[in-house]
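Colleague: sequence isn't available, so here's the structure alone:
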């Protein structure tokens, strides 16, 4: 089941990437490199807004399979989804309010490294994108429900369909109008419409997890908060630590440098796409397997995926280091060709990232949040300080190198040791408790 969902997700995401690669030169041409860097910076901020679901999406991946595997209680599953949708709808409102406040900041354009002539558009583009992104939080729960029901293949197809639709529409708008605000809107609105359709279909076809206001209880919200609260802390720290690369580069080196980093990240996205695709159903499947006591199977899948993805990342990263500059020149032109140092650092970071992903998801499935939380909290200030220092000293590759160093030495080693302890025979129950 995990492998089949991973294969479907891999094909779907490669289709999405192919469309994205084709669309990017049109975005660069339509918006021009400096404005494209601003476009990339604003879209990267959506990673910060994702914490506003308060860890609810991840909680569904952990709790829904566990609930159905241990008791099959339909009422408990519906109460869980009701609580999840209630919190997520509140998050949508909160994102809209916060985005409106941020859009009023006078120095927003300066903070984002906006090129001359685009200052008046920045606030509007930011606001429109963030409000629409906020709508994807409750709408995205339908995919989490499908994954919790071990229907990851269907969730992957819906997700890829929305992303492909948005990429094509954004490229068309960029070429025909050249307007930042319209392009930002086009990059997210199609995804919202696809998620609306997915939500309607999923909730009609799966009445055993359909939310209902009659099932909204304080006890259900409290139960959800125990898991989502821990995941929220992890999400906040991870976003601050791992998603500041573009913003640090844009602030310190300008939006054109941010465009170089964005394009390079997209090229190396091949490795992370394979990793996240093969792990698409891993988290809820591990939660289900641990609840059923299938420790040997969980251990085998964890080791197989960790080693396989690590080797794949090293091989593909090496190829892209050698051919990356030529590929980017052919793809988007000479203005956004990265230095060799960025290619080398990005290759190392992506290989490490996909190799450690199975460990992070296994710890989440096992409800082992305490150690993860402390490690990531320590990593945040270290990563930010390193990013600022290394970007100032070595340029655009500095922030990515900082992410690699801080995560590997503070989080990665300790997480692998903890995962090995969890998967010892008769050890899972005591550790997760």
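Modeller: Arrived safely. Since this is a predicted model, take the numbers as computed values, not measurements. Numbering: from 1, shown residues only.

Colleague: quick one: name whatever helix or strand follows the helix or strand containing residue 327.
Modeller: For residue 327, the element it lies in under DSSP states H and E is helix 295-332. Heading C-terminal from helix 295-332, the first helix or strand you meet, by DSSP H and E, is helix 340-365.

Colleague: mind listing what's buried in that following helix?
Modeller: For helix 340-365, burial by neighbour count (16 or more other Cβ atoms under 10 Å) applies to 342-365. C-beta: built from backbone N, CA, C; applies to glycine.

Colleague: so where's the stretch 151-300 of the chain uncertain?
Modeller: 239, 241-243, 280 (pLDDT under 70).

Colleague: got the residue ranges for the helices in it?
Modeller: Here the stretch 151-300 of the chain has its helices, by DSSP state H, counting those that start in this stretch, at 152-177, 180-186, 189-205, 218-242, 245-253, 255-278, 282-291, 295-332.

Colleague: buried residues in the first one?
Modeller: What it means is helix 152-177. Along helix 152-177, these residues count as buried under the neighbour rule (16+ other Cβ under 10 Å): 152-171, 173-175.

Colleague: run the angle between it and helix 255-278 for me.
Modeller: Here the directions of helix 152-177 and helix 255-278 differ by 160 degrees (axes from the mean of the first three to the mean of the last three Cα atoms, to 10 degrees).

Colleague: tell me what helix 152-177 is packed against?
Modeller: Counting contacts by 3 or more Cβ pairs under 8 Å, 6 or more residues apart in numbering; DSSP states H and E, helix 152-177 is packed against helix 2-31, helix 141-148, helix 180-186, helix 189-205.

Colleague: do you know which of these lies nearest residue 421?
Modeller: helix 2-31 (22.4 Å; Cβ to Cβ).

Colleague: now stretch 190-202: how far from the chain's centre is it?
Modeller: Offset of stretch 190-202 from its chain centre (Cα atoms, centre = their mean, to the nearest Å): 19 Å.

Colleague: also stretch 186-199?
Modeller: With Cα atoms, centre = their mean as the basis, stretch 186-199 stands 17 Å off its chain's centre.

Colleague: cool, and stretch 194-204?
Modeller: 21 Å.

Colleague: in that stretch, which residues are buried?
Modeller: Using 16+ other Cβ under 10 Å as the test for burial, stretch 194-204 gives 194-195, 198-199, 202-203.

Colleague: next up, the contacts around residue 20.
Modeller: 163, 167, 266 (Cβ atoms under 8 Å, 6 or more residues apart in numbering).

Colleague: over to residue 265?
Modeller: By Cβ under 8 Å, 6+ apart, residue 265 lies in contact with 245, 346.

Colleague: just give the closest residue to residue 82, not the sequence neighbours.
Modeller: Nearest residue to residue 82 in three dimensions, chain neighbours excluded: residue 211, at 3.9 Å (Cβ to Cβ, 6 or more residues apart in numbering).

Colleague: what's the spacing between the one you found and residue 197?
Modeller: Relative to residue 197, residue 211 is positioned 18 Å away (Cβ to Cβ, to the nearest Å).

Colleague: what of residue 420?
Modeller: 43 Å.

Colleague: and if you look at residue 32?
Modeller: From residue 32 over to residue 197 (counting by Cβ to Cβ), the distance is 34 Å.

Colleague: same thing with residue 354?
Modeller: Residue 354 is 31 Å from residue 197, where distance means Cβ to Cβ.

Colleague: and residue 73, what pLDDT?
Modeller: Looking at residue 73, its pLDDT is 62.

Colleague: same check on the one 3 residues further on?
Modeller: Note on residue 76: pLDDT of 77.

Colleague: element containing it?
Modeller: helix 74-103.

Colleague: show me the contacts for the closest residue to residue 264 other than its chain neighbours.
Modeller: Nearest residue to residue 264, sequence neighbours excluded (Cβ to Cβ, 6+ apart): residue 338, at 4.5 Å. Counting by Cβ under 8 Å, 6+ apart, residue 338 touches 260-261, 263-264, 324-325, 328, 396.

Colleague: now the helices of the stretch 151-300 of the chain as JSON lines including distance to residue 39?
Modeller: Shown next, in JSON lines, are the helices of the stretch 151-300 of the chain (distance: least, Cβ to Cβ, whole Å):
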{"stretch": "helix 152-177", "distance to residue 39": "8"}
{"stretch": "helix 180-186", "distance to residue 39": "6"}
{"stretch": "helix 189-205", "distance to residue 39": "15"}
{"stretch": "helix 218-242", "distance to residue 39": "20"}
{"stretch": "helix 245-253", "distance to residue 39": "11"}
{"stretch": "helix 255-278", "distance to residue 39": "9"}
{"stretch": "helix 282-291", "distance to residue 39": "31"}
{"stretch": "helix 295-332", "distance to residue 39": "13"}
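
Colleague: out of these, deepest packed?
Modeller: Among those, ranked by average contacts under mean count of other Cβ atoms under 10 Å, first place goes to helix 282-291 (a mean of 25).
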